[in-house]
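A.B. asks: no letters, just coordinates:
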């Protein structure tokens, strides 16, 4: 199964970009799924509150909590100047013991992920 991280910018694009909407809508018929970092969803919902309910209603979308294990790394990113709306997506997508190849991030701002060696799909 393939997982794709939807970052803050991808979430905002759901309602305005037909290709993003189509990809998410067809996910239940494919082998893919989407993961949404909680801080990315919070950032998108702060800009467009109905996004939270919309994302919550989608099939094959898993919201990733900012658990204790992720707080330290995410906090360091924010302290180092990474925008909080992207920091949790970086933590979720990065290479780690549970994700030896990392995850692909759907974004409209791929430059955020380059310094961390994270692959992106630009929308």
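C.D. replies: Structure's in. What do you need? If you're wondering where the values come from, they're calculated on a predicted model, not measured in any experiment.
A.B. asks: from here on, just use CA atoms for contacts and neighbour counts.
C.D. replies: Noted.
A.B. asks: helix or strand right after the helix-or-strand element of the chain with minimal mean pLDDT?
C.D. replies: The weakest-scoring helix or strand in the chain, judged by mean pLDDT, DSSP states H and E, is helix 18-26 (a mean of 70). The helix or strand immediately downstream of helix 18-26 is strand 32-37, counting by DSSP states H and E.
A.B. asks: wait, residue 73 touches residue 92, no?
C.D. replies: No - using CA atoms under 8 Å, residue 73 is not in contact with residue 92; the gap is 10.2 Å.
A.B. asks: which one's more surrounded, the two?
C.D. replies: The neighbour comparison of residue 73 against residue 92 (other CA atoms under 10 Å) goes to residue 92, with 23 against 15.
A.B. asks: quick one: contacts of whichever strand or helix holds the more buried one?
C.D. replies: Under the criterion of DSSP H and E, residue 92 resides in helix 84-93. The contact list for helix 84-93, computed with CA atoms under 8 Å, 6 or more residues apart in numbering, reads 5-8, 36-40, 42-43, 64, 66, 70, 73-74, 77-78, 102-105, 112-113, 116, 118.
A.B. asks: helices - which of the residues you listed land there?
C.D. replies: Cross-referencing the contacts of helix 84-93 against helices under DSSP state H gives 8, 38, 39, 40, 42, 43, 70, 73, 74, 77, 78.
A.B. asks: quick check on those residues: which are buried?
C.D. replies: Buried members of these, counted by 16 or more other CA atoms under 10 Å: 8, 38, 39, 40, 42, 43, 74, 77.
A.B. asks: who's in contact with the second one?
C.D. replies: If I follow you right, that is residue 38. Counting by CA under 8 Å, 6+ apart, residue 38 makes contact with 63, 64, 65, 66, 88.
A.B. asks: re earlier: kindly calculate the angle that the helix holding residue 92 makes with strand 32-37.
C.D. replies: Per axes from the mean of the first three to the mean of the last three CA atoms, to 10 degrees, the angle that helix 84-93 makes with strand 32-37 is 130 degrees.
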